[in-house]
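K.L.:
Sequence and predicted model, in that order:
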Amino acid sequence: MPNQAGKLYFWVLVGLLAGGVLGAAAPAHGVAMKPLADAFIGLIRMLIGPMVFCTVVEGIGGAGAAARLGRTGARTLLYFEAVSSLALVLGLLVGNLVRPGAGMHARLADLDPSAVAGYAQRAGDLSVVGYLGHLVPATLVDAFTAQGDLLQILLVAVLIGLAVARAGDKATPLRDLIHSLAAVLFGAIRLLMYAAPIGAGAAMAYTIGKFGVPAIRDLAGFVVLFYATCALFVVAVLGPIARLAGFSIFRYLAYVREELLTVLGTSSSETVLAPLMEKLERLGCQRRTVALVVPAGYSFNLDGTNIYMTLATLFVAQALGVDLTLGQELRVLLVAMLTSKGAAGVTGSGFVTLAATLSTVPSVPVAGLALIFGIDRFMSEARALTNFVGNGVATLVLARWEGTLDQGQLQKELGRRQ
């Protein structure tokens, strides 16, 4: 397994470099790679719903799991809310200290509000009441369709898992079937990961070919600041949390380096959900903990997105010459805590949640998002990378908290060269 992981890491890196060169040297050909990138991401997403369903049902439906679900679930949500809040606060602190938009002196009249009109419209669907209605699928099958999202699948899986646990021995055939189906789905995703170098390379070629390096030159400072803030969060926030749980954040990052490269190329942490779950089990986490925390984290623990929302809100306000009061910034913080959860499964969620958050501050027009619309694609990689790292760390921490983490196995795996 280590040798195979090392080979995949190498070829994903080659794919990213080749895609970047193609997009820079021949932009038209780079843009033409988009269908290939979309196909790879689509194949992975096609299997994520059934895979999450099987693993959650299997974890909850196991003997004794139902009795622990309430405690584990409460601790999981508590951890998610605490760390997500730290991410939001970090974005505000960096935005106020660095003031990245202060020197732009942008005028609203010079912006094109039509570029972000669609995102602003979808942001209106992220109210708490509206999203609770969307959370419940019309039928069991609807949760697994293209219109469904991960939260709907989680809801169905939890209900079925609890029913399986209560049924006891009567549900043994169903448990065996779900276990076998989960093994097949994981095997299918392992096969698809052999195409990761092609998918990541094609996505990188499209990004560079479509937008190009000159497209971000004027706003490069904000892009660099956002990446630096995400790195600071990983090292200064997740690092100490990891240390308290008994492992090094840097060793963990090295352990998941091939997944990090895949996320970097595809701008989607969903493409490596299955490999992440497998690696966490290999690190000593019990399957039931992984099955509950990781899928939930992909909906509720979006650290990179949280940093983006508060930092970008301040950037837009500063660029338009709007000075937010402490009360307005606290309002942004509180609203972002809700909208970051409501955006799970929404296409372009980072930008949609930003529009929803900004709409609560009347003095900063949503049309101001046009300032960063062109560079949002470049920052989505940092969001996805931070979200991915945050969810892996969360699972290890919660497994340690629950007493379901094999510390010997964890140290053995993290100390092994891959």
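P.N.:
Received, thanks.
K.L.:
what's the single longest helix in this protein?
P.N.:
Secondary structure of the chain per DSSP state H: the longest helix is helix 65-98.
K.L.:
That helix packs against which elements?
P.N.:
helix 34-61, helix 150-167, helix 220-233, helix 287-300, helix 303-319, helix 326-342, helix 376-402 (3 or more CB pairs under 8 Å, 6 or more residues apart in numbering; DSSP states H and E). From N, CA and C alone the C-beta is placed, and that goes for glycine too.
K.L.:
Out of these, which is closest to residue 369?
P.N.:
helix 303-319 (6.4 Å; CB to CB).
K.L.:
That closest one vs helix 326-342, what angle?
P.N.:
140 degrees (axes from the mean of the first three to the mean of the last three CA atoms, to 10 degrees).
K.L.:
Packing partners of helix 303-319?
P.N.:
Here helix 303-319 touches helix 65-98, helix 220-233, helix 326-342, helix 349-358, helix 370-373, helix 376-402, going by 3+ CB pairs under 8 Å, 6+ apart.
K.L.:
follow-up on the earlier one: where among the helices and strands packed on helix 65-98 is average confidence lowest?
P.N.:
The minimum mean pLDDT among the helices and strands packed on helix 65-98 belongs to helix 326-342 (a mean of 78).
K.L.:
What would that one look like as PDB? C-alpha coordinates only.
P.N.:
This file holds the C-alpha atoms of helix 326-342, laid out as PDB (Å, rounded to 0.1, in the frame of the first residue of the first chain):
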ATOM      1  CA  LEU A 326     -17.900  45.900  15.800                       C
ATOM      2  CA  GLY A 327     -21.600  45.200  16.000                       C
ATOM      3  CA  GLN A 328     -21.800  44.600  12.200                       C
ATOM      4  CA  GLU A 329     -18.700  42.300  12.300                       C
ATOM      5  CA  LEU A 330     -20.300  40.300  15.100                       C
ATOM      6  CA  ARG A 331     -23.400  40.000  13.000                       C
ATOM      7  CA  VAL A 332     -21.400  38.700  10.200                       C
ATOM      8  CA  LEU A 333     -19.800  36.200  12.500                       C
ATOM      9  CA  LEU A 334     -23.100  34.900  13.900                       C
ATOM     10  CA  VAL A 335     -24.800  34.700  10.400                       C
ATOM     11  CA  ALA A 336     -21.800  32.900   9.000                       C
ATOM     12  CA  MET A 337     -22.100  30.200  11.600                       C
ATOM     13  CA  LEU A 338     -25.500  29.400  10.200                       C
ATOM     14  CA  THR A 339     -25.000  30.000   6.500                       C
ATOM     15  CA  SER A 340     -21.800  27.800   6.500                       C
ATOM     16  CA  LYS A 341     -24.000  24.900   7.500                       C
ATOM     17  CA  GLY A 342     -26.900  25.700   5.200                       C
END
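K.L.:
from the chain's centre, how far out does stretch 390-405 sit?
P.N.:
Distance, stretch centre to chain centre, for stretch 390-405: 17 Å (CA atoms, centre = their mean, to the nearest Å).
K.L.:
contact partners of it?
P.N.:
68, 71-72, 75-76, 79-80, 83, 87, 238, 241-242, 244-247, 249, 252, 256, 269, 276, 279-280, 283-286, 288-290, 293-294, 297-298, 301-304, 407, 410 (CB atoms under 8 Å, 6 or more residues apart in numbering).
K.L.:
change it to 7 Å
P.N.:
72, 75-76, 79-80, 83, 238, 241-242, 245-247, 252, 256, 276, 280, 283-286, 289-290, 293-294, 297-298, 301, 303 (CB atoms under 7 Å, 6 or more residues apart in numbering).
K.L.:
Which members of these are classed as buried?
P.N.:
For the contacts of stretch 390-405, a burial check counting by 16 or more other CB atoms under 10 Å picks out 72, 76, 79-80, 83, 238, 241-242, 245, 247, 252, 256, 276, 280, 283-286, 289-290, 293-294, 297-298, 301, 303.
K.L.:
what secondary structure does residue 322 sit in?
P.N.:
coil (DSSP: H, G, I helix; E, B strand; the rest coil).
K.L.:
Quick check: it touching residue 361?
P.N.:
No: the criterion here is CB atoms under 7 Å, and residue 322 misses it with residue 361 at 8.4 Å.
K.L.:
Including distance to residue 138, could the helices and strands packed on helix 303-319 go into JSON lines?
P.N.:
As requested, the helices and strands packed on helix 303-319 are exported to JSON lines (distance: least, CB to CB, whole Å):
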{"stretch": "helix 65-98", "distance to residue 138": "25"}
{"stretch": "helix 220-233", "distance to residue 138": "37"}
{"stretch": "helix 326-342", "distance to residue 138": "19"}
{"stretch": "helix 349-358", "distance to residue 138": "22"}
{"stretch": "helix 370-373", "distance to residue 138": "33"}
{"stretch": "helix 376-402", "distance to residue 138": "29"}
